[in-house]
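Q: Structure for this input, please:
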Amino acid sequence: MMDVLEAILSRRSIRRYTDEAVGEEVVEQLLRAAAAAPSAHNEQPWHFVVIRDRAVLAEFPKVHPHSRLLLGAPVAIAVCADHELEVDKGVDYWVQDCAAATQNLLLAAHGLGLGACWIGIHPRAERQEVLKKLLGLPASVSCFGLVALGHPAETKGRGERYDAGRVHRERW
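A: Next up is the predicted model:
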C-alpha cells in the first residue's frame, strides 16, 4: 500500500484497462474506503451500485459523450445519494458527501494498483434519467457519478496542479 500523500499526488485518471477482472474482495475494500468519507451532519446519504454487466456498461456511452471508457472497464461503481436520508432537506449536502466518497474511492483504487476514472453525472438531468432506468434507482435516489475501474492498461506521469498564484493568506 502506498503512502497517502504519494497516492494523492500521483493519482491520475486512467481510461484504458486490461481484461483482468477486479475481484469482489477488492471491490469491497474500495466501497469501505468510499463509505469512510466525511459527511455533512453525518448523513452518509450514499448508496453504491456495482456494475459488471457488459450490456449495461455499453448503454451509457450512447448518451454520455465522455463515457466510452466504460466499454473497456471490467467494473464501474455508481455513487448515488438517497434524499430520504437528508437531514436538511433541499440543502444538497449530498453533493459534497458523494464527492468525498468518490475521491476516497479513486484514491483507494490507486493505492491498490488499479486504474480509475470519475465520470460526471450530476447535475445533468439527461444522464440522471438514463442511469435511473438502467440501474432501477428509486425515485428518492440521485446518481452523483460513476467510477470506471480496472487494472490499468496505460500509465501516466505525475501531474503538477499546484499554483501558488491561487493561494491567498488571510484575505484575497
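Q: Show me which strand runs longest in the protein.
A: When the chain is parsed with DSSP state E, its longest strand is strand 141-150.
Q: Can you name every helix or strand that that one contacts?
A: Secondary-structure packing of strand 141-150 (3 or more CB pairs under 8 Å, 6 or more residues apart in numbering; DSSP states H and E): strand 75-82, helix 93-111, strand 115-120, helix 125-135. Every residue, glycine included, has its C-beta placed from N, CA and C.
Q: got the angle for that strand vs strand 75-82?
A: Strand 141-150 runs at 160 degrees relative to strand 75-82, counting by axes from the mean of the first three to the mean of the last three CA atoms, to 10 degrees.
Q: relative orientation of strand 141-150 and strand 115-120 in degrees?
A: Counting by the same axes, to 10 degrees, strand 141-150 lies at 150 degrees to strand 115-120.
Q: follow-up on the earlier one: take the helices and strands packed on strand 141-150 and lay them out in JSON lines including distance to residue 3, mean pLDDT and mean neighbour count.
A: Converted to JSON lines, the helices and strands packed on strand 141-150 look like this (distance: least, CB to CB, whole Å; pLDDT from 0 to 100; neighbours: other CB atoms under 10 Å):
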{"stretch": "strand 75-82", "distance to residue 3": "24", "mean pLDDT": "98", "mean neighbour count": "23"}
{"stretch": "helix 93-111", "distance to residue 3": "9", "mean pLDDT": "97", "mean neighbour count": "21"}
{"stretch": "strand 115-120", "distance to residue 3": "18", "mean pLDDT": "98", "mean neighbour count": "21"}
{"stretch": "helix 125-135", "distance to residue 3": "35", "mean pLDDT": "93", "mean neighbour count": "16"}
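Q: List just the one of these that sits closest to residue 62.
A: Among the helices and strands packed on strand 141-150, helix 125-135 comes nearest to residue 62, with 8.3 Å by CB to CB.
Q: then the closest one to CSV, C-alphas only?
A: Output of helix 125-135 as CSV, limited to C-alpha atoms (Å, rounded to 0.1, in the frame of the first residue of the first chain):
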residue,chain,number,x,y,z
ALA,A,125,-30.7,15.6,-15.9
GLU,A,126,-30.5,13.6,-19.1
ARG,A,127,-27.6,11.5,-17.6
GLN,A,128,-29.6,11.1,-14.3
GLU,A,129,-32.6,9.7,-16.2
VAL,A,130,-30.6,7.2,-18.2
LEU,A,131,-29.0,5.9,-15.0
LYS,A,132,-32.2,5.7,-13.1
LYS,A,133,-33.7,3.5,-15.8
LEU,A,134,-30.5,1.4,-16.4
LEU,A,135,-29.9,0.8,-12.7
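Q: any idea how far residue 144 lies from residue 73?
A: Between residue 144 and residue 73 the computed distance is 18 Å (CB to CB, to the nearest Å).
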